[in-house]
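Undergrad: the following comprises the amino acid sequence and a computationally predicted model.
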Amino acid sequence: MEGIYRSILDSWKSALPELILLGWAGMMFLGSLVRVKGSWWATMSVGGILLSLAIWTGTVSPSEPNDTIPSASILITETWRWSGRGLVLGTGLLLVLTMWSHVSERQAGEFFACLLSIVAGSGLVLAAHDLVSLFVALEIVSISTYIVLYILRRDNSGLEATIKYFLLSLFASAIFLFGISLLYLAVGRTNYQQIRLQLLTVGANPLVLVSGLFVLGGLSFRIAAVPLHFYAPDVFAGTHPAGAALLAVVPKVVGFLAMYQMLTEIYAAALGVPHGGAAVLPLLLLTLAVLAGASMMLGNIGGLLQDNIYRLLAYSSIAHAGYMLLGLAAGQGGKPVAGNEALLFYLGAYILMSLGVFTGLLCVRQGGKLIGYLDELSGLGRSQPLLALAIAVGLLSLTGLPPTGGFWGKVMLFLAAWYAPEGQTTLRYLAIFLAVNAAIGAWYYLRILGVMYLRPAVRPFDSINDVPARLTCLVCTVLTLVLFLVPSLWWKAVVWAFAGDAGP
Amino acid sequence: MNILEGLFDRQSLVDWLRISALLTCVAPLGGSLLVAIIGRWQGRWVKWLALTAALLSFAGGCGILAAYRPIAENKRILSDKPVAPMLLGRAELLTLGQGEEARRIEALWGVDGISGVLVWLTSLLTLCSVLISLNSIRERTEEYYLLLLLLAGVAMLVFLAFDVIFFYIFFEFTLVPMFFLIGIWGGPERRYAARKFFIYTLAGSVVGLVSLIAYVVQVRELSHEARLIRSTAQARAETGGESLTSLPELAQIASQLSRHLEDDKSELRAKWERLQKWTFWGLFLAFAIKVPLVPWHTWLPLAHVEAPTAGSVFLAGVLLKLGTYGFLRLGLPLVPHMMAGVGGQVLAVTAVLGIIYGSLCAAAQADVKRLVAYSSIAHMGLCMLGLAAGNSIGLAGSVLEMVNHGLYTGGLFLLVGMIYERYHTRAMQDLGGLARRLPLWSFFMVGISLASIALPGLNGFVSETLCLVGMFRQSVALSVLGASGMILGAWYMITMLRQVVFGPIREPARFPTSQTIKDLDPWEWSAIALPLALCLALGVYPKAFLDLIVPDLEGLAHLYRGLR
């Protein structure tokens, strides 16, 4: 028992920014009894995230963290984890701005506290070094997400969406939990390092492979990939658009990096195990490749049929999960472009382009209401040219066209597929499949562009003054363009994040 | 031109070339940016601004030709360098990997004879497009010129790019402004046409991108396996470092590999051919749709008919050339065995198919613009036929045909646009005897049509004959079949001329007195005079351009002599 306390005590330093953010959120929960203006709470949460970011900058480990074997702590810091947490905090900042003026005054306190918990929980997922801490962190994210969705929109469709998300999320968590229980059954440990050691002594066990399938299946809910993708269109369309923006980005980052974490730190260790251990990781990667192909196909075919813009973006989000799964399936170790690097690069570009589109749509209103259907965007290019341009840049980036960051994202995925050291042929066919899919997807992105620019306005648009959302949209659009012009900035950061991680 | 050589040494010639090339593409891009900034509140200045930008760009284009001429004359032909442009600059975009394994992706730009004449053509057609739009575009002018100039600048950058990724970026980006040009200012079916054009081309080019990436990764692995690595210092001196995607370097690796593995029967040779096979089909999909080769042409008549006049001019004159240029620049040097073998045969056969099918379709059209669009398919088929021949005559004919087709088809679309502007119809049965009503227009129409028919003395004759002669050396049958395109061309063009220009006067019922119909105004006049003059000049003295083009084709032709 003493060991556990020791490791918990050792760990708190590793996740200081997130723990402080959680504390900050707790204070906001308590303080929300006091009635103040909603923007005050938003400002508070921006302050919290900025504080957390400041501490985060300070916690970059001075020595090479990968020299030493990660300890028995339940939370650790490594460069890629540290970088991912920065990405999450930055996304959180953008999300606070997005939501700023979309919450009623009365709930603002709890709402932003929950949003901060989501951000903190996502950071903890990235710091997790123990099955239990990983699960707890994942649940912090999920539970706060339910509340956020509920507060944002409380009419019938909003409630339906929240309930749907709630039930399916529970279902997915159960699958994930089942997966890690099987793993525990096989090795009897929860700490990653101990699991790795135990794997070597226990030897090959089919349970390890089966647990991997369940873990990936459960996490596929978060990234909205096949097989647990089907909630996305209903929930995106039912909930408030700001909630859809949240669902489009945060669970993706969390899900992908959790998958990566499990694959590299646990299942990769099975490679050294005699009698069949070497087959575990390749089989899991192959599964991922199959899921990638299925998600792309399903997302893009589904997207073709939609008239509701949020349903369309949900299908687009499923397709993008498929694209990024290709990066994950390409694994580590490819030189000079590895799958995990391409994945992280694409994640960054994806956050920017998705948030750009979603916040752009948040700024479009007709008759005091947010729009939901594609036709309602008619003539936006004429009446609000800058806003339409921002949405257009986001859409071009989702399509993967220059001059946007999404173009380099796709190039990186292709490069990773060709530089991948193993399972090459599958990945290469998958990359060709991705290209075909990108062309199919272009059809529905182009439809939005066509509606915005090629049709006359049916009804006038309101001129609204949602400065924070506009600011987010501007930041995302500009960064998407900058990412195209100077891809090396983000690429160097990505390479640095993974440098030194030993490949499986 | 030789005065230039006397006046300047080589270094200052290169400087001149750099300045002209920069001017050519920066003028429209800068103009586009300026229009975006001032367009909102200074709407009436926009078209003059666009005109200035187009004029500057054309001046730059002429500057490129003038400065490149002495360089081309003194060009030392290196047989192992199929692509050897005058590199003018580079900017690093990305570095993958570290240390010894570092691979750079960089924006590499330069000029050689082929890209020089095509950039010049683009700048000329930009000028014509702006001139024709001055009076015909009356709504949303600032957005229109913004997009038109943007399209022009980006299209020029495609020709100036000597890095495959950089090439691809601009190749792909031309879709965006063209989509809006067709979709906003086009005819009644514009939205459908714009979308079809966009998706069709994109579908091809994304697959092209994958195959290019696969190629750049694997060709290097192959050259390592074949122990073909040149010393780093030598590589850096020749091509400026281990750039992953530099076209001159890739072309050199490919040509060395082909030569090295010529008599090799090993696994390596099989690998090299497999790589070429996959890459060829990827590139084929990208460029065959763009050219377009029959049966991938269905987007073209639609897009052409619906596009505004300047859009059609640009589409036919420049964007189709991106396809043939792609085959020439990427296809020929990178996948030589395929292009000398199966791939080349596929290209030649589909080209002949396009010539015959396009001509027959053109003959069946009642709409003049649609007729020109189908004739465009036939002429591009001739261009591809020369390219598929792979010898220096065929290649020279092909490049010259790219320029010539831009001039006369661009001119034809301008003329059709002028008629539509006056009568709001392009149907042949509504029009007739216009020679009496619009003598000036009819003069230009007859002149440009004759160039398109390939009448000796006009430019079409020279290039199409070269293409056919080139193909004749490879395959007599295909060449003879291809030649039918010239006969069919005479048939449908002359039928159209007889109907529209000569005979009794016929005008749409809405214009009974026709007092309001005026002949060409000075802007229209100047837009069409330049292409016709150049058709004549290039018909009489094609050597002016051939001298620029041929030295840069020698390396390729040499490579293909070795393979056959």
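TA: Good, I have the coordinates. Residues are numbered from 1 along each chain as shown, chains lettered A, B, ... in the order given.
Undergrad: so where's the stretch 101-250 of chain B uncertain?
TA: Low-confidence segments of the stretch 101-250 of chain B, defined by pLDDT under 70, are located at B:228-242.
Undergrad: in space, what's closest to the single nearest residue of it relative to chain A - neighbours in sequence excluded?
TA: The minimum distance from the stretch 101-250 of chain B to chain A, using C-beta to the nearest C-beta, falls at B:Ala203 (3.7 Å). Quick note: C-beta positions are derived from backbone N, CA and C, even for glycine. On the basis of C-beta to C-beta, 6 or more residues apart in numbering or on different chains, the spatially nearest residue to B:Ala203 that is not a chain neighbour turns out to be A:Ala439, at 3.7 Å.
Undergrad: next secondary structure after the helix or strand where the one you found lies?
TA: Applying DSSP states H and E as the criterion places A:Ala439 in helix A:424-454. Next helix or strand after helix A:424-454 toward the C-terminus (DSSP H and E): helix A:467-485.
Undergrad: tell me how many other residues crowd A:Met27.
TA: With neighbours defined by other C-beta atoms under 10 Å in any protein chain shown, the count for A:Met27 comes to 14.
Undergrad: distance from the chain centre to the helix or strand where it lies, please.
TA: In this assignment (DSSP H and E), A:Met27 forms part of helix A:16-31. Using C-alpha atoms, centre = their mean, to the nearest Å, we find the averaged C-alpha position of helix A:16-31 to lie 22 Å away from the chain's own average C-alpha position.
Undergrad: got it, and stretch B:281-296?
TA: Using C-alpha atoms, centre = their mean, the mean C-alpha position of stretch B:281-296 is found 14 Å from that of the whole chain.
Undergrad: what's it in contact with?
TA: Applying C-beta atoms under 8 Å, 6 or more residues apart in numbering or on different chains, the contact partners of stretch B:281-296 are B:200-201, B:203-205, B:207-212, B:214, B:299-300, B:319-320, B:322-324, B:326-327, B:330-331, B:334-335, B:343, B:346-347, B:350-351, B:353-354, B:357-358, B:377, B:380-381, B:384.
Undergrad: check stretch B:343-356 too.
TA: Contacts with stretch B:343-356, where a contact means C-beta under 8 Å, 6+ apart, come from B:280, B:284, B:288, B:292-295, B:297, B:327, B:331, B:335, B:338-339, B:377-378, B:380-382, B:384-385, B:387-390, B:471, B:474-475, B:478, B:481-482, B:484-485, B:488.
Undergrad: mind checking which of those land in helices?
TA: When those are checked against helices using DSSP state H, the ones located there are B:280, B:284, B:288, B:338-339, B:377-378, B:380-382, B:384-385, B:387-389, B:471, B:474, B:478, B:481-482, B:484-485, B:488.
Undergrad: just the buried subset of those residues, written out for PyMOL, thanks.
TA: Applying 16 or more other C-beta atoms under 10 Å in any protein chain shown to the ones in helices among the contacts of stretch B:343-356, the buried members can be selected in PyMOL as follows:
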select buried, chain B and resi 280+284+288+338+339+377+378+380+381+382+384+385+387+388+389+471+474+478+481+482+485+488
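Undergrad: under the pLDDT cut-off, which ranges of chain B? List them.
TA: Per-residue confidence for chain B (pLDDT under 70) gives these ranges: B:1-8, B:76-80, B:99-100, B:228-242, B:510-515.
Undergrad: packing partners for the helix or strand hosting A:Thr91?
TA: Element membership for A:Thr91 (DSSP H and E) is helix A:79-99. Judged by 3 or more C-beta pairs under 8 Å, 6 or more residues apart in numbering or on different chains; DSSP states H and E, helix A:79-99 is in contact with helix A:16-31, helix A:38-58, helix A:108-127, helix A:241-265, helix A:339-362, helix A:467-485, helix A:487-498.
Undergrad: between that helix and helix A:38-58, how many degrees?
TA: Between the axes of helix A:79-99 and helix A:38-58, defined by axes from the mean of the first three to the mean of the last three C-alpha atoms, to 10 degrees, the angle is 170 degrees.
Undergrad: pull the CA atoms of helix A:79-99 into PDB?
TA: The C-alpha atoms that make up helix A:79-99 are tabulated as PDB, following Å, rounded to 0.1, in the frame of the first residue of the first chain:
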ATOM      1  CA  THR A  79       8.000  15.400 -24.300                       C
ATOM      2  CA  TRP A  80       5.200  14.100 -26.500                       C
ATOM      3  CA  ARG A  81       2.800  14.100 -23.500                       C
ATOM      4  CA  TRP A  82       3.900  17.500 -22.600                       C
ATOM      5  CA  SER A  83       3.400  18.800 -26.100                       C
ATOM      6  CA  GLY A  84       0.000  17.200 -26.300                       C
ATOM      7  CA  ARG A  85      -1.100  18.800 -23.100                       C
ATOM      8  CA  GLY A  86      -0.100  22.200 -24.500                       C
ATOM      9  CA  LEU A  87      -2.200  21.500 -27.500                       C
ATOM     10  CA  VAL A  88      -5.100  20.600 -25.300                       C
ATOM     11  CA  LEU A  89      -4.700  23.800 -23.200                       C
ATOM     12  CA  GLY A  90      -4.500  25.900 -26.300                       C
ATOM     13  CA  THR A  91      -7.600  24.300 -27.700                       C
ATOM     14  CA  GLY A  92      -9.300  24.900 -24.400                       C
ATOM     15  CA  LEU A  93      -8.500  28.600 -24.600                       C
ATOM     16  CA  LEU A  94     -10.100  28.800 -28.100                       C
ATOM     17  CA  LEU A  95     -13.100  26.800 -26.800                       C
ATOM     18  CA  VAL A  96     -13.700  29.200 -24.000                       C
ATOM     19  CA  LEU A  97     -13.700  32.100 -26.500                       C
ATOM     20  CA  THR A  98     -16.100  30.100 -28.700                       C
ATOM     21  CA  MET A  99     -18.600  29.500 -25.900                       C
END
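Undergrad: B:Leu455 and B:Phe461, how far apart?
TA: For B:Leu455, the distance to B:Phe461 equals 6 Å [C-beta to C-beta, to the nearest Å].
Undergrad: in terms of neighbours, single out the busier of these two.
TA: Comparing B:Leu455 with B:Phe461 by other C-beta under 10 Å, the one with more neighbours is B:Phe461, at 20 against 17.
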